[in-house]
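Asker: starting from these lines, generate the structure:
(2 chains)
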2 protein chains.
Amino acid sequence: MSIVVVGSVAFDDVTSPAGSVKNVLAGAATYFALAASYFTQVRVVAVVGDDFTSEHEQVFAKRRIDTRGIERQTGLSFRWGGTYGENLNEAISNFTHLNVFEKFDPKLPAEYADSDFLFLANIQPKLQANVRRQMRGVKLTGCDTMNFWIKGAREDLAETLKLVDVLLINDTETKMLAGESNLPRAAQKVLAMGPKALVIKHGEYGATIFFRDGAFSIGHHPFRAPALPIESVVDPTGAGDSFAGGFMGYIASQEELNREVIKRALFYGSVMGSFVVERFGTERLQSLTREEIDARFQIFRELTHLR
Amino acid sequence: MSIVVVGSVAFDDVTSPAGSVKNVLAGAATYFALAASYFTQVRVVAVVGDDFTSEHEQVFAKRRIDTRGIERQTGLSFRWGGTYGENLNEAISNFTHLNVFEKFDPKLPAEYADSDFLFLANIQPKLQANVRRQMRGVKLTGCDTMNFWIKGAREDLAETLKLVDVLLINDTETKMLAGESNLPRAAQKVLAMGPKALVIKHGEYGATIFFRDGAFSIGHHPFRAPALPIESVVDPTGAGDSFAGGFMGYIASQEELNREVIKRALFYGSVMGSFVVERFGTERLQSLTREEIDARFQIFRELTHLR
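Answerer: I've put the predicted structure just below:
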C-alpha cells in the first residue's frame, strides 16, 4: 500500500564535529520518503525551486518514490544551515531561508488520492489539516509538529490533532503541548486532544508509544523501543523524520494494523533513525538494503530482549 | 548466596508534590538492603545514632536482613531533608547533617567474611576501597559514586574503580567521570578505568549496561532495560539504590553469572526502582511480595518485547 508525505524538500549546510557539508539534499519530506521507501510505495507533496535538478530528482527515482506532487517554482528551495557541537542533541541554526517554501500550498495530484496512508511532516497546522481533508479515504494519518506551532498556532494545531491518528513528537514538545511536566500524564492529555496514539521520541533513549483507551482495539498499554548507543553520530539532522518514515512505512506495508505491527513499526522507526545519523544528510538512506535494515532490527532486538 | 552492602542508614524529611514526611527511615544502604532482600540474604554495614530504635531495627528484621554490621554510636544518625518540585528529577537539599556518619569507618563483622557479593553504596571512595580489600574472597563487587567524589576525590575514586566489577552511576556522572559528552564513548572510557561492566541509569528512560571486551566471557554488546512510565511518582528518593538492590540481589541469587542473568538483573533493578517511588521513603519496599515483583517484571517484558 502507498503512503503520501507532505513536507519540505530542502538543501542544508551542516557542520558537526565530524566535518561539514554544503547544499545537501534534505528536508523532512525527503528524509521521510527515503526511509519509508524501503517498506512501501511513497508519494511526495512538496515545493522546490530551480536549484532542484535532475540529479536530485534521481535520488527519489532510484528509490522509486513518486515525485509527481513535487511542485517546481522559480526561485530557490528551502535552505537551512546549522551547526552541531559536541553535544549533538541540538543544532544552532545559522540561517533559515524559506524561499519558495514560504508560500507552500500543498496540492495533491489526483493520482495520489487512492493512498491509504498519509504523513503530515512539520508544516503549518492549517496546511496539514487542508491536506488531511483532501484525502478522505485515508486509513491512517501520522503527524509531526514543533514548538514553533505549539506556541504560535495552538488553535490551528488543536484542529489538526482532531484529524490525525498518530502524532509523533519529542519529550519537550509533548510537555509543552500538554502543559504538564510528567511525561505519561502529558501523554494522556495529548491523546485527549484527538490522536489515537502518541509516539514520543526520546532521542538517544528511544521512543515510547502511548495509546488512547480502546484505540485500534489493541488496549492501552504503552510500548518502548530503544535507540542504539552510537559512538559516532556524524549528523543528527533528519533522525526524527527518518524515524517517522520507518514507523509509517512499515505500518503501510502490513495487511493488518494490530499491536504487534505497531510494536515492530516502532523498532523499524528506531532502526531508520540509527542509520541516518551515520552520514551527513540523506546519504546513508540512499544506499541501504532491506537486508541491512533487518540485520539492524535484529541488533535492536538483542539490545532489549530477554530469552 | 549472601551480599554485603556498605553505606548510609539515615532519616529523611521529604517534601514532594504528593505531600510531606518527616524522620522516615532511609539511606542508600537501607534502600539497597530492602530491595535486595527479596532475592537473597543481605548483610548491612553502617553506622547509626541513638535515634535508631528497635522499631527501625524491626524493618530490617522483618526482611531477615543481617544488621550485626550496623554500628551504634552516641548522637544522631545521618539526616537529610529535600524538596522535589513538579519536575521530580532532582531534589533541592534543605539540609544534610552527617552526624555520626561523618566519621564512618566501616568495620566488617567476621561473620560477613564468607559473602560472595559486595555492594559499595555511595561513600568516600577510600572507605569503599578499604572495605573491598577486607573482603578478599568476594566474587563480584558493585559500586556507586556521585559527582561530589568525581570532582573532589578523583584519585581515590580511580583507585577504587580498579577494585570493583560493576559500577552503577547515572548519565551525568558517567560523562563527568569520562570527560566525554557522547554516552557510549564515555562508557568505554569509564570501563578502561577498571570495572568490567558499567550500568548507566537513565532515570525515567531506564538503564544501559556496557561491558568491557571479554568481561565475564559474555561479549561486549550493551543491553538496555526500560523504566516504567509512571504517572504518579510520590518520592524519587532511593530509586537508584533500589535499582542497585534489585540488580545485585538478583545476581547474587543465581548459581551462574552469564549474560542472561545480567540482562534479567537489569530488569529486576528497574522493577525495584519502579516500586520504591510509589510511596514515601522505604514504605513500598517493606511490604512487597516476590509475586508482585515478578508480575511487574512481566509488565516490563510486555513494555519492551516483540513476539
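
Asker: just want the most central residue of chain A.
Answerer: A:Asp241 (2.7 Å; Cα atoms, centre = their mean).

Asker: what's that one in contact with, if anything?
Answerer: By Cβ atoms under 8 Å, 6 or more residues apart in numbering or on different chains, A:Asp241 lies in contact with A:Gly7, A:Ala28, A:Ala29, A:Tyr31, A:Phe32, A:Ala35, A:Ala121, A:Asp144. All C-beta atoms are positioned from the backbone trio N, CA, C, and that covers glycine.

Asker: make it 10 Å
Answerer: Listed by Cβ atoms under 10 Å, 6 or more residues apart in numbering or on different chains, the contact partners of A:Asp241 are A:5, A:7-8, A:26-36, A:119, A:121-122, A:144, A:168, A:272-273, A:276, A:282, A:285.

Asker: so where's chain A uncertain?
Answerer: Residue ranges of chain A with pLDDT under 70: A:219.

Asker: please compute how far the lengthiest helix in chain A lies from its chain's middle.
Answerer: For chain A, the helix with the greatest residue count under DSSP state H is helix A:259-276. Between the mean C-alpha location of helix A:259-276 and the chain-wide mean there is a distance of 12 Å, by Cα atoms, centre = their mean, to the nearest Å.

Asker: could you do stretch A:89-105 as well?
Answerer: A distance of 16 Å separates the centroid of the chain from that of stretch A:89-105, by Cα atoms, centre = their mean.

Asker: what residues does the stretch 1-150 of chain A have near chain B?
Answerer: For the stretch 1-150 of chain A, the residues in contact with chain B (Cβ under 10 Å from any Cβ of the partner chain) are A:Pro17, A:Gly85, A:Glu86, A:Asn87, A:Leu88, A:Asn89.

Asker: list the contacts for A:Asp156?
Answerer: So A:Asp156 contacts A:Gln124, A:Pro125, A:Lys126, A:Leu127, A:Gln128, A:Ala129, A:Trp149 (Cβ under 10 Å, 6+ apart).

Asker: for A:Gln58, same thing?
Answerer: When contacts are counted by Cβ under 10 Å, 6+ apart, A:Gln58 touches A:Gln286.

Asker: which element is it on?
Answerer: helix A:54-62 (DSSP states H and E).

Asker: what's the first helix or strand after that helix?
Answerer: strand A:66-72.

Asker: adjacent strands (with direction) for that next one?
Answerer: In the sheet, strand A:66-72 lines up against strand A:41-48 (parallel) (DSSP bridges).

Asker: give me the buried positions along the partner strand.
Answerer: For strand A:41-48, the neighbour count (16 or more other Cβ atoms under 10 Å in any protein chain shown) marks A:Gln41, A:Val42, A:Arg43, A:Val44, A:Val45, A:Ala46, A:Val47, A:Val48 as buried.

Asker: same question for stretch A:128-136.
Answerer: Those would be A:Gln128, A:Ala129, A:Asn130, A:Val131, A:Arg132, A:Gln134, A:Met135, for stretch A:128-136 by 16+ other Cβ under 10 Å.

Asker: which residues in the stretch 1-150 of chain A form strands?
Answerer: Using DSSP state E, counting those that start in this stretch, the strands of the stretch 1-150 of chain A run over A:2-6, A:10-16, A:19-26, A:41-48, A:66-72, A:78-84, A:91-97, A:117-120, A:140-143.

Asker: go on, the stretch 201-307 of chain A?
Answerer: Along the stretch 201-307 of chain A, the segments classed as strands by DSSP E, counting those that start in this stretch run A:207-211, A:223-225.

Asker: now the ones you listed as JSON lines including distance to chain B and mean neighbour count?
Answerer: Formatted as JSON lines, the strands of the stretch 201-307 of chain A follow (distance: least, Cβ to the nearest Cβ, whole Å; neighbours: other Cβ atoms under 10 Å in any protein chain shown):
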{"stretch": "strand A:207-211", "distance to chain B": "6", "mean neighbour count": "24"}
{"stretch": "strand A:223-225", "distance to chain B": "5", "mean neighbour count": "26"}
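
Asker: among the buried residues of stretch A:128-136, find me the one that's closest to chain B.
Answerer: Ranked by distance to chain B (Cβ to the nearest Cβ), these are led by A:Gln128 at 27.2 Å.

Asker: isn't that closest one right up against A:Met146?
Answerer: No. Counting by Cβ atoms under 10 Å, A:Gln128 does not reach A:Met146; the two are 11.8 Å apart.

Asker: spell out which residues are contacts of both of these two.
Answerer: In contact with both A:Gln128 and A:Met146: A:Asn122, using Cβ under 10 Å, 6+ apart.

Asker: hmm, back to that, what packs against the longest helix of chain A?
Answerer: Applying 3 or more Cβ pairs under 10 Å, 6 or more residues apart in numbering or on different chains; DSSP states H and E, one finds that helix A:259-276 contacts helix A:28-36, strand A:166-170, strand A:197-201, strand A:207-211, strand A:223-225, helix A:239-253, helix A:283-286, helix A:290-304.

Asker: which one of the ones you listed is the most hemmed in?
Answerer: Most buried of the helices and strands packed on helix A:259-276, by mean neighbour count (mean count of other Cβ atoms under 10 Å in any protein chain shown): helix A:28-36, with a mean of 31.

Asker: next, the angle from that one to helix A:239-253.
Answerer: With axes from the mean of the first three to the mean of the last three Cα atoms, to 10 degrees applied, the angle from helix A:28-36 to helix A:239-253 works out at 50 degrees.

Asker: please state the offset of helix A:28-36 from the chain centre?
Answerer: Going by Cα atoms, centre = their mean, where helix A:28-36 is centred and where its chain is centred differ by 7 Å.

Asker: do stretch A:246-266 as well
Answerer: Taking the mean of its C-alpha atoms, stretch A:246-266 sits 15 Å from the chain's own mean (Cα atoms, centre = their mean).

Asker: span of that stretch from start to end?
Answerer: Terminal residues of stretch A:246-266 are spaced 8 Å apart (Cα to Cα, to the nearest Å).
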